[in-house]
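Colleague: Turn this into a model:
(2 chains)
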Number of protein chains: 2
Amino acid sequence: METIDSIKRLEERMARLKGQGKEIGLVPTMGALHEGHLSLIRRARDENDVVVLSIFVNPIQFNRKDDYLSYPRNQDRDKALCFREGVDFLFVPKVEEMYQEGFSTYVEVEGLTDRLCGASRPGHFRGVTTVVTKLFNIVRPDRAYFGQKDFQQTVVIKRMVRDLNLNVEVLTLPTIREADGLALSSRNQLLRQGERQVASALYRSLLEARELFAFGIRDSRRIIQQMHDVLHKAGIFRIDYITLVDLESLEELEGARAGAVVALAAWVGNVRLIDNMTLEEVTSQLKARHKLGVNV
Amino acid sequence: METIDSIKRLEERMARLKGQGKEIGLVPTMGALHEGHLSLIRRARDENDVVVLSIFVNPIQFNRKDDYLSYPRNQDRDKALCFREGVDFLFVPKVEEMYQEGFSTYVEVEGLTDRLCGASRPGHFRGVTTVVTKLFNIVRPDRAYFGQKDFQQTVVIKRMVRDLNLNVEVLTLPTIREADGLALSSRNQLLRQGERQVASALYRSLLEARELFAFGIRDSRRIIQQMHDVLHKAGIFRIDYITLVDLESLEELEGARAGAVVALAAWVGNVRLIDNMTLEEVTSQLKARHKLGVNV
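Modeller: Next comes the predicted model:
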């Protein structure tokens, strides 16, 4: 594994490998790697000749300075994990390397970024799309890997890739969860002990939505209300949004349907967490489980 | 020469040629080709294995619909010129090919685009940087060629290329002029006969600036005032801007200096024209010419 902090050097390495006909997979991260990231690396490993993982806590996607400063960082551990998982190039640029003096160019996806997390984190997605465009241009990957946990991000990036003809295949891999259902996130480290247990209510609220849907409830407002109740019972009251949206347009749906996504963001203590789940065709298995009173 | 209207097909052609190690030069145009464009093609021809010329009247860079609709189009003549000049690929996408249903991603260079033409044409540069990013991603050229006549555009594109790591060498070639100094522009076709003669005053006003500079005048306001006088005398009163700016930051300069750029935009009839000139170190030749009363 080669660790690189220079854009120019990474570009040279990538140009040489492309010239040899190698296929390149990119896993863009902000570090503090967890099993979710590792699942992306493993898939990239399977599908490409070369795997590049970037670690860059991107200042321009943070709308609050304290959030940027407190974002978990653990580069030694990350490096060891990357080595173990067979990453070929670890890209760890400094902020000054990515944003030179006088930096002033931004990539923005309109519409899709006004809602959900975009509404409560102004400028966040502009920071994401800008840095991802840069990473795509530097690495020129054949494939790039993202987690479904950041659902809106994946929709926004796919739109950007299509609109700007970026010629990268964007793959979204399933959310990895703790035993109690909490979606893995680098931010989970910031939860205090009591909060950690409370946080699993996000997952339970999504299960509630899925069950209501399985039982034929289609009224979004009713589903969302029940989800609020689940969170309130757990002591979560600061809820940024709970919404039921179309998978591609992110438009709010009044009526739930299979393939729609239930997404939410809520604060547990000082930590803002997000999660989402796709509503699935009702299977007899799901119905059967519910009849048996098993938590799905 | 192959004429292509499909993005996918052009991408395939470019991928094959890149695989063969060919170097690609791109000349992005809006058609209605003139000697200025031809000078770009010839230079691209000299420096690359393959020359791609795009003709696309880009709707999102027009802030007025009438301007978009009346922009000169002459594809048959353009095609013949490209063939004659040895263009390898002529890319002529339709609007629906470049901007699919739901298109919503934009590239924006901030700051540099607020001033000069950006101030009088809101959204113009955002349209330019977005379409140029798309063209760069589709063609993946080694080099791209632009005319100095669109001075601000070249500065904005160079900044974008640097900021987004686009890995394209951007070359700016000198403005080509008519015998009376009028900068070649596709829009010149829209001038009526009397207006055509009046239009050369733009060039004369730039010469005036250069002469004043050569004679030691450094006060920008005084230079600009004299330029206004030249335009007024010719009957040009609708002046968008006349300014003296830094070559890279486009910041207005109170004091003229060698390397600074004098730029202006003014209306002649219903046609908005732009031009610019770099102030040069005063040469003895220039001084000598002036003493002889020769128009430099």
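
Colleague: tell me which parts of the stretch 1-150 of chain A are close to chain B?
Modeller: A:7, A:11, A:19, A:21, A:100, A:102-112, A:129-130, A:133-134, A:137-138 (CB under 8 Å from any CB of the partner chain). The way it works is simple: take the backbone N, C-alpha and C, and place the C-beta from them, glycine included.

Colleague: Write a ChimeraX command that selects only the buried members of those residues.
Modeller: Those of the residues of the stretch 1-150 of chain A next to chain B that count as buried under 16 or more other CB atoms under 10 Å in any protein chain shown are selected in ChimeraX with:
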select /A:7,11,103,104,105,106,107,108,109,112,129,130,133,134,137,138
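
Colleague: Report the rounded mean pLDDT for the longest helix along chain A.
Modeller: The single longest helix within chain A, with elements called by DSSP state H, is helix A:124-139. Helix A:124-139 carries an average pLDDT of 98.

Colleague: got the angle between it and helix B:124-139?
Modeller: Note on geometry: by axes from the mean of the first three to the mean of the last three CA atoms, to 10 degrees, helix A:124-139 and helix B:124-139 are set 40 degrees apart in direction.

Colleague: Quick check: which helices or strands does helix A:124-139 pack against?
Modeller: helix A:7-19, strand A:24-29, strand A:50-55, strand A:89-91, strand A:105-109, helix A:117-120, helix A:151-163 (3 or more CB pairs under 8 Å, 6 or more residues apart in numbering or on different chains; DSSP states H and E).

Colleague: JSON lines for these, including mean pLDDT?
Modeller: Converted to JSON lines, those look like this (pLDDT from 0 to 100):
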{"stretch": "helix A:7-19", "mean pLDDT": "97"}
{"stretch": "strand A:24-29", "mean pLDDT": "98"}
{"stretch": "strand A:50-55", "mean pLDDT": "98"}
{"stretch": "strand A:89-91", "mean pLDDT": "98"}
{"stretch": "strand A:105-109", "mean pLDDT": "98"}
{"stretch": "helix A:117-120", "mean pLDDT": "94"}
{"stretch": "helix A:151-163", "mean pLDDT": "98"}
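
Colleague: Of the ones you listed, which is nearest residue A:271?
Modeller: The closest of those to residue A:271 is helix A:117-120. By CB to CB, the value is 13.9 Å.

Colleague: helices or strands up against the closest one?
Modeller: Right, helix A:117-120 is packed against helix A:124-139, strand A:239-245 by 3+ CB pairs under 8 Å, 6+ apart.

Colleague: Go through the ones you listed and pick out the most buried.
Modeller: Of all those, helix A:124-139 has the most neighbours on average by mean count of other CB atoms under 10 Å in any protein chain shown, namely a mean of 24.

Colleague: Give the next helix or strand downstream of that one.
Modeller: strand A:143-147 (DSSP states H and E).

Colleague: for the residue positioned nearest the centre of chain A, what are its contacts?
Modeller: Nearest residue to the geometric centre of chain A (CA atoms, centre = their mean): residue A:150, 2.4 Å. Taking CB atoms under 8 Å, 6 or more residues apart in numbering or on different chains as the contact definition, residue A:150 lies against residue A:274.

Colleague: swap in residue A:186?
Modeller: So residue A:186 contacts A:30-34, A:71-72 (CB under 8 Å, 6+ apart).

Colleague: Pick the one among these closest to residue A:199.
Modeller: residue A:34 (14.4 Å).

Colleague: That closest one and residue A:184 touch, don't they?
Modeller: Yes. Look at residue A:34 against residue A:184 with CB atoms under 8 Å: they come within range, at 4.6 Å.

Colleague: Give the residues shared as contacts by these two.
Modeller: Both residue A:34 and residue A:184 are in contact with residue A:176, where contact means CB under 8 Å, 6+ apart.
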